[in-house]
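**Q** Can you look at this prediction? I've put the sequence above it.
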Amino acid sequence: MSSSNGIFQRGSSHYLRVVLPKDHPLQKFYKSGKVVVSLKACSYRDAVTAGVIQRAEILGWSESKAMPSTSRNPTLTKQIPAEYHLRDIYGSWKESKPRSSDAINTCMRALLLYEEQSANPPLHLLTRAQGDSFRAWLQQPERKTSSKTAYDRFTWVKTLLKYAYRDLEVIDRHPWEGIELFKETTNQRRPWSQAELQTLLGQELFQKYMLPKDWRAGIDAAYWIPLLGLYTGARLSELAQLRINDISATNEIPVISISNLGMNQRVKTSASIRIIPIHSELIQLGLLEYVNKTKEKSGDSLWPDLKQRKDKPGGYFSNWFGEYRKSIGLEGYPDFHCFRHTVRSQLSEAEVPEHVIDSILGHEIRGSTGTKVYTHRTIDTLKKAIEKIKFNYIEIKNHKKKLIFRLL
């Protein structure tokens, strides 16, 4: 929302929107009749001061001279471009709010492909025909690009165009709005089958607690994280970033807290912040004892030997788990994310209400406003639901502190 002085904020940056007089020479460069520039000021007070100077420079611009820069504020030294290219938009988009390095790098890869194929025209000259051409180019067989990758790259370019149109208003329309690239679903995620779980849990890692030496596995994490996924349905990234304090056994029902409160912790959406009661099978296997033992040694991370990839908790573990599955004959699907489908399937078959399942899995509550707002889900309710996750074809025993599975 813009204030009366034309200053508005996107993320941590302030912008100035100037409506040009009808006879202003910049009108031929800005079909919308508006100029939007970044002030890059941290505080609103600084933005107001910078905006006054910048507004005067814009309105005082003429074709007979280059627009003056000022040394009074180093953020205003950049001249207003006569025309915008997508790379200009990328720079503003990147600074508009905190973004992960993965998002920044993926968007840049898409931008480079766009520049390669389109010859990088000024945005106000970009046509729908060029959007159709770029879409077709991404899907050419000789490029050997999966439909999902092509879809993602096309979507990133459309995201920048949308940002240029809606946020910056440097173009008066979204030139590619409505042009879609449909991706094929090549691998449908699904629950783990009984045979697949028996294969996984029948390995020495789980039968004899023989921990892998691969540094990506995180030693004890290799054992506990898959089991936590199987009995909670939590995402790999959520489990990999757990801290010791996220496991609470002080109350009658021990719980796991999924949040973004710790250093470098993040969640996918606000609905992902939740409490999950710990399944009795995990308690029987000694999870709480592991937590107490680790607390004495490290005092912070629940997985002190698990290395974290920047901006992607669990990235290294995911690579290891994929190779581990392949080594035991479980290549491709099901993957770790399929544990979530396994849990949802189990809870649905046990006739657990959908809103309770969504609360456990960290999904946005669906249904009516009453279901979303007024349904009260107590820890006891969630605990009863969690205990309905059962694998009757696997008997779990704790024998002399060795964690042993006997497959029936």
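**A** Now that the structure is in, tell me what you want to look at. Numbers count the residues shown, from 1 in each chain.

**Q** contacts and neighbour counts: CA atoms only from here.
**A** Will do.

**Q** The nearest residue to Arg344 once chain neighbours are set aside and His341: what is the separation?
**A** The shortest distance from Arg344 to any non-neighbouring residue, by C-alpha to C-alpha, 6 or more residues apart in numbering, is to Ile357 (6.7 Å). Relative to His341, Ile357 is positioned 11 Å away (C-alpha to C-alpha, to the nearest Å).

**Q** and if you look at Ile219?
**A** Counting by C-alpha to C-alpha - Ile219 and His341 are separated by 26 Å.

**Q** what is Val35 paired to in the beta sheet?
**A** Judged by DSSP bridges, the bridge partners of Val35 are Val18.

**Q** so it makes contact with Arg17?
**A** Yes: under the criterion of C-alpha atoms under 8 Å, Val35 makes contact with Arg17 at 5.7 Å.

**Q** For the residue nearest to Arg344, give me its contacts.
**A** Arg344, Leu347, Ser348 (C-alpha atoms under 8 Å, 6 or more residues apart in numbering).

**Q** confidence score at it?
**A** If you check Ile357, the pLDDT there is 94.

**Q** where does it fall, helix, sheet strand or coil?
**A** Of the three states, Ile357 takes helix according to DSSP: H, G, I helix; E, B strand; the rest coil.

**Q** can you tell me how far it sits from Ile389?
**A** 11 Å.

**Q** Overlap in contacts, the two.
**A** Leu347.

**Q** Can you tell me how far Ala234 is from Ser272?
**A** From Ala234 to Ser272 the distance is 9 Å (C-alpha to C-alpha).

**Q** Lys383: what's it in contact with?
**A** Taking C-alpha under 8 Å, 6+ apart, one finds Ile253, Ile276, Pro277, Ile278, His279 in contact with Lys383.

**Q** Spell out the residue ranges of the strands in the protein.
**A** 7-10, 13-19, 34-38, 247-248, 255-258, 274-277, 394-399, 402-407 (DSSP state E).

**Q** what's the closest of those strands to Thr159?
**A** strand 7-10 (15.2 Å; C-alpha to C-alpha).

**Q** elements contacting the closest one?
**A** strand 13-19, helix 44-59 (3 or more C-alpha pairs under 8 Å, 6 or more residues apart in numbering; DSSP states H and E).

**Q** Give me the contacts around the first one.
**A** Yep, that's strand 13-19 we're talking about. So strand 13-19 is contacted by 2, 6-9, 33-42, 44, 47, 51, 55, 58, 95-97 (C-alpha under 8 Å, 6+ apart).

**Q** give me that answer again for 6 Å
**A** 6-9, 34-41, 96 (C-alpha atoms under 6 Å, 6 or more residues apart in numbering).

**Q** pLDDT check: weakest of those residues?
**A** Lowest pLDDT among the contacts of strand 13-19: Ala41, 61.

**Q** what residues go with each domain of this protein?
**A** 7-76, 86-167, 194-407 (automatic domain parsing).

**Q** Any idea which of these gets closest to Phe182?
**A** domain 86-167 (6.6 Å).

**Q** Can you give the distance from the closest one to the centre of its chain?
**A** Distance, stretch centre to chain centre, for domain 86-167: 19 Å (C-alpha atoms, centre = their mean, to the nearest Å).

**Q** which stretches of the stretch 251-400 of the chain form helices?
**A** Using DSSP state H, counting those that start in this stretch, the helices of the stretch 251-400 of the chain run over 280-285, 287-297, 315-327, 338-349, 354-361, 369, 379-386.

**Q** Would you reformat the ones you listed as CSV and include distance to Pro25?
**A** CSV is the format used below for the helices of the stretch 251-400 of the chain (distance: least, C-alpha to C-alpha, whole Å):
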stretch, distance to Pro25
helix 280-285, 71
helix 287-297, 68
helix 315-327, 52
helix 338-349, 59
helix 354-361, 56
helix 369, 52
helix 379-386, 65
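
**Q** nearest to Arg153, of these?
**A** When the helices of the stretch 251-400 of the chain are compared (using C-alpha to C-alpha), the closest one is helix 315-327, at 21.3 Å.

**Q** List the buried residues for the closest one?
**A** Gly315, Tyr316, Phe317, Ser318, Trp320, Phe321, Gly322, Tyr324, Arg325 (16 or more other C-alpha atoms under 10 Å).
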